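Participant: Just the structure for this:
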Amino acid sequence: MSFPDCPYCNAKVAYIRGGSKNRPIVRLPYCGSCGWNIPFAQKGVISQWRWTILVIFGFGLFIVAQISVLMATHPSIQWHGAVLLVGFTVTWVLVAYVLPNRKFKRDLRQLASLRAAAEARSKAGESRRNDVPVPDAATVELFDFIRSTPCPRPVRFNPTARLAIYLSRGFALAYALGAARVLLFPIASLAVSSSRLLALGLFVFAIVLWFAFSMAAKLGDRTGLIKNGEVALGRVLTREGPKIACEFSDAKGRVVQGKGKNLGHNVQEGMFIPVFYDPQDPTDHVALCGSWYEIAVPKVVKRVRHA
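Facilitator: The predicted structure is shown next:
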């Protein structure tokens, strides 16, 4: 997924692999020219390092436990198990800590160097950074398209929501197949009535999983504002994990600030996002990045990222 140019100096952004509370692995944009978003990228690299250690450490403990159980239940392979355990532990430490730690430190050194250089240029008066960010042409073009779309605007689930639906329905199908298997081939240790009751429970759970996410998204989302509300081009003031603070001006020129969520979008401080609001009460608003829905744009402008 591509990002617009730097909102402060209009330079091409670079990317580094990082993470956050709600998205452990994601590409974070930053500007090596003016230093935009470098502090957040540094935090993201540290966060991703912690997530990597946590996941690999948990997986390693699982494998060690399996080898230990194998050694305890099969005394004849004690030596083989010991060699396997030592070999796995050495490989595990190398893959889980040594190699990622080298890349982690290299990425942090690179970001620290770029940040220091940007600060030096700023002190010397050589920075091209603007005091106020400016939306790039692609973002303005997309915003104009959304504003010109007649109400009610067509909406659909965004890619993150669609992935969640596919996963939940995949699990639902698995539970439904399990229910069919128990119903057709009852478990020997259970009575026929108990097997039928278990199959019914699995089938009900499958139905709940099939509709759970889409119903929760529709009940908790603000699709009414996205379809029929006024739209403004808002600016992200701050971002802390899945929460953002944004600012926009309504049709009467009133400046409105508010807080919202960042769902399924890699929104960063200084970027511009569409905000939908009630013209009678602009404090009642929702940013597009705070919704599980997106505007169903044609393929011509689909390639432009709308946060």
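Participant: Check what pLDDT residue 275 gets.
Facilitator: Per-residue pLDDT puts residue 275 at 90.
Participant: Paired strands for the helix or strand encompassing it, with orientation please.
Facilitator: Residue 275 is part of strand 272-278 when elements are defined by DSSP states H and E. According to DSSP bridges, the neighbouring strands of strand 272-278, each with its direction, are strand 230-240 (antiparallel), strand 281-287 (antiparallel).
Participant: Switch these over to TSV; also include mean neighbour count and mean pLDDT.
Facilitator: Where C-beta positions appear, they are placed from N, C-alpha and C, glycine not excepted. Formatted as TSV, those follow (neighbours: other Cβ atoms under 10 Å; pLDDT from 0 to 100):
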stretch	mean neighbour count	mean pLDDT
strand 230-240	19	86
strand 281-287	19	87
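Participant: Out of these, the one nearest residue 248 is which?
Facilitator: Ranking these by distance to residue 248, with Cβ to Cβ as the measure, places strand 230-240 first at 3.6 Å.
Participant: Export the strands paired with strand 272-278 as TSV, with columns for distance to residue 252.
Facilitator: Shown next, in TSV, are those (distance: least, Cβ to Cβ, whole Å):
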stretch	distance to residue 252
strand 230-240	10
strand 281-287	8
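Participant: quick one, which of the ones you listed is nearest to residue 107?
Facilitator: Distances from residue 107 to each of the strands paired with strand 272-278 were compared using Cβ to Cβ; the minimum, 19.9 Å, belongs to strand 230-240.
Participant: May I have the closest one as PDB, with CA atoms only?
Facilitator: What follows is strand 230-240 as a C-alpha-only set of coordinates in PDB (Å, rounded to 0.1, in the frame of the first residue of the first chain):
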ATOM      1  CA  GLU A 230     -21.200  16.400   5.100                       C
ATOM      2  CA  VAL A 231     -17.500  15.600   4.400                       C
ATOM      3  CA  ALA A 232     -14.400  17.600   5.200                       C
ATOM      4  CA  LEU A 233     -10.700  17.100   4.800                       C
ATOM      5  CA  GLY A 234      -9.300  16.500   8.300                       C
ATOM      6  CA  ARG A 235      -5.800  16.500   9.600                       C
ATOM      7  CA  VAL A 236      -4.400  14.000  12.000                       C
ATOM      8  CA  LEU A 237      -2.900  15.800  15.000                       C
ATOM      9  CA  THR A 238      -1.600  12.900  17.000                       C
ATOM     10  CA  ARG A 239      -1.700   9.100  17.000                       C
ATOM     11  CA  GLU A 240      -1.300   6.800  20.000                       C
END
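Participant: Enumerate every residue touching residue 268.
Facilitator: With contact taken as Cβ atoms under 8 Å, 6 or more residues apart in numbering, residue 268 is in contact with 28, 29, 37, 40, 236, 239.
Participant: Leaving out chain neighbours, which residue sits closest to the last one?
Facilitator: With sequence-adjacent residues excluded and distances taken as Cβ to Cβ, 6 or more residues apart in numbering, residue 239 is closest to residue 269, at 5.3 Å.
Participant: Contact partners for that neighbour?
Facilitator: Listed by Cβ under 8 Å, 6+ apart, the contact set of residue 269 reads 37, 40, 236, 237, 238, 239.
Participant: who's in contact with the first one?
Facilitator: Counting by Cβ under 8 Å, 6+ apart, residue 37 touches 13, 28, 29, 30, 31, 268, 269, 270.
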